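Peer 1: this one's structure only:
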């Protein structure tokens with residue numbers, strides 16, 4: 001499109017449903033749910049917050065730094081911290 005004279009790199013308006021975005025509010029909501037019950041599954045959390053399961057999984061793993069240790073979600077322990085505990 002740039003060869004045709006377009007000089008903006010921003011997306012144009014599109015029709016349809018907007019994509020789900022990870023916001024501070026949704027991240028806080030997911031964390032709050034897990035604070036009360038760490039045995040919730042990704043599907044259960046996704047149903048509660050009305051979001052896609054993959055989006056919830058990304059919030060848990062990348063935004064919150066959590067990892068699934070059967071049977072509950074726990075903060076991820078870094079290799080450095082476990083080496084210190086020896």
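Peer 2: Looks like it arrived, so ask away. Every value quoted in this text rests on a predicted model; they were computed, and no experiment measured them.

Peer 1: Quick one: mean pLDDT for stretch 26-33?
Peer 2: Computed over stretch 26-33, the mean pLDDT rounds to 88.

Peer 1: Show me which residues of it are buried.
Peer 2: Using 16 or more other C-beta atoms under 10 Å as the test for burial, stretch 26-33 gives 26, 29, 30, 33. For the C-beta atoms, the positions are set from N, CA and C on the backbone; glycine is no exception.

Peer 1: Same list, those, but as a markdown table with distance to residue 73 please.
Peer 2: Shown next, in a markdown table, are these (distance: C-beta to C-beta, whole Å):
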| residue | distance to residue 73 |
| --- | --- |
| 26 | 16 |
| 29 | 14 |
| 30 | 10 |
| 33 | 10 |
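
Peer 1: after the lengthiest helix in the chain, next one along is what?
Peer 2: When the chain is parsed with DSSP state H, its longest helix is helix 24-36. Later in the chain than helix 24-36, the nearest helix or strand by DSSP states H and E is helix 42-49.

Peer 1: and after the helix or strand harbouring residue 54, which helix or strand comes next?
Peer 2: Using DSSP H and E, the element containing residue 54 is helix 53-58. Counting by DSSP H and E, the element after helix 53-58 in chain order, helix or strand, is strand 66-69.

Peer 1: so where is the protein shaky, pLDDT-wise?
Peer 2: 1-2, 6, 8-21, 69-72, 74, 76-86 (pLDDT under 70).

Peer 1: circling back: in the helix holding residue 54, what counts as buried?
Peer 2: Buried residues in helix 53-58, counted by 16+ other C-beta under 10 Å: 55, 56, 57.

Peer 1: Among these, which one lies nearest to residue 46?
Peer 2: The closest of the buried residues of helix 53-58 to residue 46 turns out to be residue 56 (C-beta to C-beta; 4.5 Å).
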